[in-house]
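Enquirer: What shape does this take:
(one chain, ligands or ions: 1)
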Amino acid sequence: MVQKIALEEHFLAPGHETYWRTTVGNVDPKHAANLLAKLTDFGEMRLKSMDEAGIARSVLSIAGPSVQIERDVATARRVAREANDFLAREIQKRPDRYSGFAHLAVQDPRGAADELERCMRDLKFCGAMINGHTLGQYLDHPSLYPFWERAEALGAPIYIHPTDPITPAPALEGVHGLRRATWEWGFETGSHALRLVFSGLFDRFPRAKVVLGHLGETLPFLLWRFDSRAKLYGVKLAKPPSEYIKHNIVVTTSGMCSAEPLDCSLAALGHDRVMFAADYPFESAQEAGEFLDRVPLAEPLRTDIASGNAKKYLGL
Ligand code: ZN
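Expert: Down below sits the predicted model:
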């Protein structure tokens, strides 16, 4: 079993359950209760699951959407900060097993930049996870430039996590099975990342670092097409879109236990741009671990995906 660092592993802090409940409205209550028990546990259950999957270290992040749906800015700022302090205390109890991503209220871009800096400098977090759009605003919005400026200066990776769109796409209407993780979140989150590319954000902040789960939310599969259409449509960027995706974006294996998209991501982005994640407790850590243990790969590459790339990228 290869030793792993897992990058998309979730928890809930006190006061954040109400936000999270919005995501389990039509989930079997027993299943939801089981998820809640796992999200709020930092002991036996989580560590057992990590051990079974060969996960030496989990980089913990709050389960979405949390303050990304908080309408009161002062409340968003306060509860995000409280969640970060709570996580830091849990990490202090098991510094050998846990690291953290900051939770940020980007409703207040300068406040979010300050909190990111505090989390990186004082709490020794690895970057931040933003749970998709914040009340419909995406991270390419010009008001967020001060935030990106600071993230770039800090070298902080910003992990963009899936969330529900504000308005479901008409193409999915009436087909419940296509909502959320099946297809909707991939399109939503891939689009979010592409907004960063196509808005020229990475021309403005060339050292900005973005992480996507689910082996890049289909982006690695479509690089040629992005370049071809950007040229045809006269998109004004310093480089072809694929260059930013290869340079500014890295991906994790969260929720993707399949060799073909892994091979595609490795071929499209490079061997140092793919890292392991399980998405505990929403996916089986054991299944994710076994997949990486068994998928046909040269052993040095397996080790790099399992932990080597994350050590370098996150400075662990
Ligand atoms: Zn997740």
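
Enquirer: For residue 25, give me the pLDDT.
Expert: Looking at residue 25, its pLDDT stands at 85.

Enquirer: so where does it fall, helix or strand?
Expert: Secondary structure from DSSP states H and E places residue 25 outside every helix and strand.

Enquirer: State the distance from it to the ion.
Expert: Taking C-beta to the ion, to the nearest Å as the measure, residue 25 and the ion are separated by 18 Å. (Each C-beta comes from the backbone N, C-alpha and C, glycine too.)

Enquirer: cool, and residue 287?
Expert: From residue 287 over to the ion the distance is 15 Å, taken as C-beta to the ion.

Enquirer: neighbours around that residue, how many?
Expert: 12 (other C-beta atoms under 10 Å).

Enquirer: The residue lying closest to residue 45 once chain neighbours are set aside: what secondary structure?
Expert: Excluding its sequence neighbours, the residue lying closest to residue 45 (C-beta to C-beta, 6 or more residues apart in numbering) is residue 38, at 5.8 Å. Judged by DSSP: H, G, I helix; E, B strand; the rest coil, the three-state class of residue 38 is helix.

Enquirer: I'd assumed residue 279 was in contact with residue 38.
Expert: No. With contacts counted by C-beta atoms under 8 Å, residue 38 stays clear of residue 279, the gap being 11.8 Å.

Enquirer: Mind listing what's buried along the helix or strand hosting residue 115?
Expert: Using DSSP H and E, residue 115 falls within helix 109-121. Residues 109, 111, 112, 113, 114, 115, 116, 117, 119, 120 are the ones in helix 109-121 that count as buried (16 or more other C-beta atoms under 10 Å).

Enquirer: next one: stretch 71-82
Expert: Neighbour-count burial for stretch 71-82 flags 76, 77, 79, 80, 81 (criterion: 16+ other C-beta under 10 Å).

Enquirer: From the chain's centre, how far out is stretch 298-307? Work that out for me.
Expert: 21 Å (C-alpha atoms, centre = their mean, to the nearest Å).

Enquirer: Check which residues of it are buried.
Expert: Within stretch 298-307, the residues scored as buried using 16+ other C-beta under 10 Å are 302, 304, 305, 306, 307.

Enquirer: Stretch 46-58 now?
Expert: Neighbour counts over stretch 46-58 (16+ other C-beta under 10 Å) mark 46, 47, 49, 50, 53, 54, 55, 57, 58 as buried.

Enquirer: Farthest pair within those?
Expert: By the measure C-beta to C-beta, the buried residues of stretch 46-58 have their two most distant members at 46 and 54, which lie 14.3 Å apart.

Enquirer: and the residue of the stretch 101-250 of the chain found nearest the ion, what does it touch?
Expert: Nearest residue of the stretch 101-250 of the chain to the ion: residue 161, at 5.5 Å (C-beta to the ion). Residue 161 makes contacts with 8, 61, 64, 129, 130, 131, 132, 189, 213, as judged by C-beta atoms under 8 Å, 6 or more residues apart in numbering.
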